[in-house]
Structures are given as structure tokens and as C-alpha cells.
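Trainee: Fold the following for me, if possible:
(one chain, ligands or ions: 1)
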Amino acid sequence: MKKLIALVLALTLALFLVACGTSASKESPAASAEASESPAPEAGGKIGIAMPTKSLERWNRDGTFLQKAFEEKGYEVELVYSDNDVNKQVNDIENLIADKVNLLVIVAIDGESLSNVLQSAVDAKIPVISYDRLIMNTDAISYYVSFDNYTVGKLQGEYVVKTLGLDLNDTSKSYNIEFTAGDPADNNAGFFFNGAFDVLKPYIDAGILKVPSGQTKFEEVATAQWKTETALNRMQNILASFYANGTQLDVALCSNDSTALGVTQAIESDYKGTNTVIITGQDGDEANLANIVDGKQSMTVYKAVANEAVVTVDLADAILKGEKPDGSLIDSAGWTFDCTYDTESYDNNNAKIPSYLLVPTVVTKDNIQKELVDTGYYTMGSDGYPKAAG
Ligand code: BGC
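Mentor: So this is what the prediction gives:
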């Protein structure tokens, strides 16, 4: 009789678990995040953070800020870097799941390659925050935290228009521009490129901006893994093929600082002209800020990753406390920086992912002190170049 009761109890429990599993998978990602199987205790719990690589400067800063902020809130942190190797990142995430983290924060190396491993996160009811880059083709993502990526590119394009004083009604002058975009495996890269290109296209159509290489499509100008060396080699080829005859290059529109660094090196070594080429960037990497101080790079779009980390930690904390965060988190968290809650713009091919988007800032030689040093994000080194704080 006792055995029969035990069997009935076991069967009931099994049916209950199956039912929970099925209903959770039909819920929105945010709702399933709320139903995390192993909610963290009031203070504490384990956070798994998967970063792409240490070789691109900013992810070192992101990792440090995130780890520190989570630990200050009483969480334990497992932070992994995956050497820009997609298979390694899949393994690293598998290990974090096996280590029973309560929540995952992931920057995907390839936004389309994590669907399988993230199914294990869904099965284990581990909420996932897609950090900075949107992870595609999965129902595992509860939230996306990033900057307004389209605006990053838009700011670069607008900088070019303003600096050259372009006017659609004045076709008497024309300028030459070349584009260098980011990694096609990074969902952000298209947003950056489109943001810049949409601003500049009317001037290209009017013949005010010319592209001697003819390379204007994202696939033609993309840079695998955002590698400095790849950007350098491509720009050297462009200079050899289209500028060796003395043609003037006026603008090198680069989507970020790692690519700008390569393009700047190519221009320094292989460009015959004597004019200062306008070079754009993004991130505020130290080497690029030094180039800005020295007049070799014109601008960077700065994204305060310390604030991106703050949003992520407050969001994770709310999720793990069983809340279902939405736009009201922006007020309740009391952040001192601007952030918008956007439920429309970022679709990962599975659902529109609720997004917290921060606001990027244009940094030039003229406002480095005000925007980066006075704000405490950097200190000014004794060599006159800014050094990232933290
Ligand atoms: C980030 C940029 C960064 C690039 C390369 C992008 O996803 O948004 O800030 O420059 O990756 O690391």
C-alpha cells in the first residue's frame, strides 16, 4: 500500500513538472524569466557572464564593471571570455549552465550560433540578458540591454556632414569617402552602418560625396570579428587601387575604434595625400583617444559601459527577485543617466525583445576633458592621454 501511494505521488509530481515545463515554454521570455526554477535568495545567487574576447578593449571594461557591480549587490560571479571563438563560447555557456548560475549575461560572438546552447538555459529556466549585442533565433532572451545602436551610426554620419559643411543645395564641391563597417556576425554592425549610411546617402546620391572604391554595401565594407588588422589590410588595398594616383581621400567612415585604428595606420603608412582625413570611431578605446588628442582620428562615439553595466545589474536583480521589469524600472532605479525602454525596435526573429537603450555621446578633441575626464569615466594621464577609470 505504501509503495502504491509512493508511486501515485511520484506520477503526480512527474505530471506536474511536465505541465510546468510546457506552460513556461509558451510564456513570453520575460514571463518565463520571472518563473526561474532556482530563484536567487534575497541577497545573492550566481551570475554567469559570457564575454566575447579580451582582445577588443571594451569587453575588458564591461567585464570588470559588471563583475564589480554584481558583487557589490551580493551576487557571486563567473566571468568567462571566449577568445572570439564561437565553439568555445558555446562550451563556456554550457559550463555556466552546468554550474547552475541563476542568470546569464551574454555578449554573443556570433548572434546566430547560440540557439542550441540557449535551449539548455530555457530548459533550466535560467533567464538570459542579451548584453550589448542582440542574440538571434532563440526564445531564451528575456531582455536586451544596449545603446541605441542606430543612433551611434547616425552620429558618425552627422559628424561628417557638419565637419565638411555639406549642403544638398550646393553641388559645387565634392568629397571622397570610404566606409569600414563591423562584423557581420554581430547584429549591431548593421545598425551602426545603416545609421551612418542613411545620413550620408542623400549626399552620395547628389554626387557631393563620392566613393572611389565603389564599395557601399554592408557586405563589401564589413570587417570580420572587428579586427584592426583586417581593416588595415583592406584600407591599404583601397589606397593602392583607387588613391595611388593622387586622388584625395576626405573621409574614412569607420564603425568603431578597433577598425578605425587599422584604417588610421593604413592612412599613415600608405596614403600619399597631405590633407587630414576625417576618421570616425566608436568606444573611446585608449589608443584611439590618444589618436584623437594627436589629431589622427577625428571623433569617437562614446558609450558609457559603466552605465550599461548598472542597467544590467539592476535589471538582473529585479528579475531574480521575481519582478517583471518594464519601463518603470528606469524611474524606480533612480539612474542618473538617460535610458529608454523600447519594446519595438529589436526583433531577434523569434520575438520583439524588451530593450533598455542608453544614449551615446560624440567625443572629439574639444570635449574629451568635459565628456570623459570631468565625468570620471577616464583620468587624464601625465602623458596627456586619457586612461579608462575602473
Ligand atoms: C559593440 C561595439 C564594439 C564592437 C567590437 C559591438 O557589438 O557595440 O561597442 O566596438 O562590438 O567590439
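
Trainee: residue ranges of the helices in the chain, please?
Mentor: With DSSP state H applied, the chain shows helices at 2-26, 29-34, 57-72, 86-98, 115-123, 149-164, 187-205, 218-221, 228-238, 257-270, 286-293, 305-320, 328-333, 368, listed in chain order.

Trainee: Between helix 115-123 and the fourth one, find me the angle.
Mentor: Right, the one you point to is helix 86-98. Counting by axes from the mean of the first three to the mean of the last three Cα atoms, to 10 degrees, helix 86-98 lies at 10 degrees to helix 115-123.

Trainee: Against Glu72, how distant is Glu323?
Mentor: 19 Å (Cβ to Cβ, to the nearest Å). To be clear about C-beta, it is placed using only N, CA and C from the backbone, and glycine gets the same treatment.

Trainee: Those two: who's more crowded?
Mentor: Glu323 (15 against 9; other Cβ atoms under 10 Å).

Trainee: coming back round to it: could you export the helices of the chain as TSV, including distance to the ligand and mean pLDDT?
Mentor: Putting the helices of the chain into TSV (distance: least, Cβ to the nearest ligand atom, whole Å; pLDDT from 0 to 100) gives the following:
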stretch	distance to the ligand	mean pLDDT
helix 2-26	29	36
helix 29-34	21	38
helix 57-72	5	97
helix 86-98	14	98
helix 115-123	18	98
helix 149-164	7	98
helix 187-205	4	98
helix 218-221	15	98
helix 228-238	11	98
helix 257-270	6	98
helix 286-293	10	98
helix 305-320	8	97
helix 328-333	21	96
helix 368	18	97
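
Trainee: how many neighbours does the residue in the chain positioned nearest to the ligand have?
Mentor: Of all residues in the chain, the one sitting closest to the ligand is Asn256 (3.5 Å; Cβ to the nearest ligand atom). For Asn256, the neighbour count with other Cβ under 10 Å is 30.

Trainee: what sits against the closest residue to it other than its chain neighbours?
Mentor: Closest residue in space to Asn256, ignoring its immediate chain neighbours: Gln282 at 4.1 Å, by Cβ to Cβ, 6 or more residues apart in numbering. Shown in contact with Gln282 (Cβ atoms under 8 Å, 6 or more residues apart in numbering): Val152, Gln156, Phe192, Ser255, Asn256, Asp257, Thr300, Val301, Tyr302, Lys303, Pro360.

Trainee: Looking at the residues you listed, spot the one nearest Glu57.
Mentor: Closest to Glu57 out of the contacts of Gln282 is Asp257 (7.5 Å), distances taken as Cβ to Cβ.

Trainee: you'd agree the closest one is up against Glu286?
Mentor: No: using Cβ atoms under 8 Å, Asp257 is not in contact with Glu286, being 9.2 Å away.

Trainee: Now do the shared contacts for the two.
Mentor: Counting by Cβ under 8 Å, 6+ apart, the contacts common to Asp257 and Glu286 are Glu57.

Trainee: Looking at those two, which is more packed in?
Mentor: Neighbour count, other Cβ under 10 Å: between Asp257 and Glu286, Asp257 has more, with 29 against 16.

Trainee: ok, that one - contacts?
Mentor: Glu57, Gly281, Gln282, Asp283, Gly284, Asp285, Ala287, Asn288, Thr300.

Trainee: Now the residues you listed in JSON lines, please, with extra columns for distance to Leu79.
Mentor: Below are those laid out as JSON lines (distance: Cβ to Cβ, whole Å):
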{"residue": "Glu57", "distance to Leu79": "16"}
{"residue": "Gly281", "distance to Leu79": "26"}
{"residue": "Gln282", "distance to Leu79": "23"}
{"residue": "Asp283", "distance to Leu79": "20"}
{"residue": "Gly284", "distance to Leu79": "22"}
{"residue": "Asp285", "distance to Leu79": "20"}
{"residue": "Ala287", "distance to Leu79": "24"}
{"residue": "Asn288", "distance to Leu79": "25"}
{"residue": "Thr300", "distance to Leu79": "26"}
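
Trainee: tally of neighbours for the closest residue to Phe193 other than its chain neighbours?
Mentor: Leaving aside its sequence neighbours, Phe193 sits nearest to Ala181 (Cβ to Cβ, 6+ apart; 4.2 Å). When neighbours are counted by other Cβ under 10 Å, Ala181 registers 29.
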